[in-house]
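1. Below is the sequence, then the predicted model.
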Amino acid sequence: MSAGASPAPPAPGRHEVTLRFLAAPTDQGHSGTVDAGRVLEWVDKAAFAAATAWSGSYCVTAYVGNIHFRHPVTVGEMVEVTGTVLYTGSTSMHINTVVRSGDPKTGELTERARCLVIFVAVGTDGKPTPVPEFVPRSLEQELARDWALSRVAVRDEINEAMKDQTYTEAGTAERVVLRFLAAPTDVNWGGKVHGGIVMEWIDTAAYLCSARYAGQDTVAVFSGGIRFYRPLLIGDLVEVEARLIYTGNKGMHIAVHVRSGDPKGAELHLTTYCLTVMVARNEDGDAVPVPAWEPVSDEDRALWQHARDLLEIRGRAQGNRLPNHLLEQRRPDDGRSAPSAGSAEQGEGGDA
């Protein structure tokens, strides 16, 4: 190999990996079922297993697509999480991940959630390294690859909408900030904090913010576009900030930023960003109305509109559906109901 040339990718491995286990009592969350954060950790692990099996190298989470939590997982259920490689770039792998669970005595499993996860293979120098090309071998695989490619434009549009938003002390909405040190128990075998652990932190902060606002227990029904900007190391000071930016009739849209850095330094850097929709539920598990949040400051109004813009973008993507009650809200200027994005039932769901 000539100097400066990229290393040749290894031979391809398995393109699909399935993890199976029982949901343990330690997996139970504040709602009595398994929290969304733990489900996201499972998603990340299955996708990681598929990525490393295919690439033959260590991999890091780059992006977790929008995930709609259709039904809760309960303690004692058999859980099956399957990660399937759909498409590969030069160093990246787009992996469809499906979570199913059910009664272990019958073996009948029901889909609980699914999302698209992007992993990047890295070499021993920590830099991206080539991966084998995934070549579809059936019409089903070709359609799955095309679907993965169709999400790229939506993802780019969402990233463009997100990058110019400002979150400062000028915001007046409900806000929660958690700070702690990343512990040795948080890391994976590559020495970095596992992406699934970061997503558990995100879910915890979103729960605290929404529960304080609603005055009752809440659960996540959707997490949107979790992008990982930089690795997080043992001993890093971690800051997880969750802020309410929009309310539907029943859905509370919480923007969560994870920042990290050397505890001896003065500056923390953005590590991860996510938008989560939380709902309050009654004893029957049905979502119940929450108080409408009224923007006060210019920053409040800008973030309210930002949330609406994201709804419009995701509403244009094929297959994006969430109940309309999560989306509708009175307009902050005139008190009228704001129409939901796309159509009466389209909104933030899907896998952009």
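-> Nice, I can see it. Computed from a predicted model, the values in this text were never measured in an experiment. Numbers count the residues shown, from 1 in each chain.
2. so where's this structure shaky on pLDDT?
-> Low-confidence segments of the chain (pLDDT under 70): 1-13, 189-190, 316-352.
3. center of it, which residue is that?
-> Central residue of the chain (CA atoms, centre = their mean): Ile226, 4.1 Å from the mean position.
4. Report the secondary structure element holding it.
-> strand 218-228 (DSSP states H and E).
5. go on, Tyr87?
-> Here Tyr87 is assigned to strand 78-88, by DSSP H and E.
6. which neighbours does that strand have in its sheet, and in what orientation?
-> Strand pairing for strand 78-88, determined by DSSP bridges: strand 16-22 (antiparallel), strand 92-102 (antiparallel).
7. Can you name the next helix or strand after the longest one?
-> Using DSSP H and E, the helix or strand that directly follows strand 92-102 along the chain is strand 109-121.
8. That following strand to strand 78-88, inter-axis angle?
-> Relative orientation of strand 109-121 versus strand 78-88 (axes from the mean of the first three to the mean of the last three CA atoms, to 10 degrees): 40 degrees.
9. Could I have the CA atoms of strand 109-121 written out in PDB?
-> Extracted in PDB, the C-alpha atoms of strand 109-121 (Å, rounded to 0.1, in the frame of the first residue of the first chain):
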ATOM      1  CA  LEU A 109     -43.300 -11.100  20.400                       C
ATOM      2  CA  THR A 110     -44.800  -7.700  19.400                       C
ATOM      3  CA  GLU A 111     -42.900  -4.800  17.900                       C
ATOM      4  CA  ARG A 112     -42.300  -2.100  20.500                       C
ATOM      5  CA  ALA A 113     -40.000   0.300  18.600                       C
ATOM      6  CA  ARG A 114     -37.700   0.700  15.600                       C
ATOM      7  CA  CYS A 115     -35.200   3.200  14.300                       C
ATOM      8  CA  LEU A 116     -32.300   3.700  12.000                       C
ATOM      9  CA  VAL A 117     -28.900   3.900  13.600                       C
ATOM     10  CA  ILE A 118     -25.600   5.100  11.900                       C
ATOM     11  CA  PHE A 119     -22.300   3.800  13.100                       C
ATOM     12  CA  VAL A 120     -18.800   4.700  11.900                       C
ATOM     13  CA  ALA A 121     -15.900   2.200  12.000                       C
END
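10. That one packs against which elements?
-> helix 36-55, strand 59-64, strand 67-68, strand 78-88, strand 92-102 (3 or more CB pairs under 8 Å, 6 or more residues apart in numbering; DSSP states H and E). Using the backbone N, CA and C atoms, a C-beta is placed for each residue, glycine as well.
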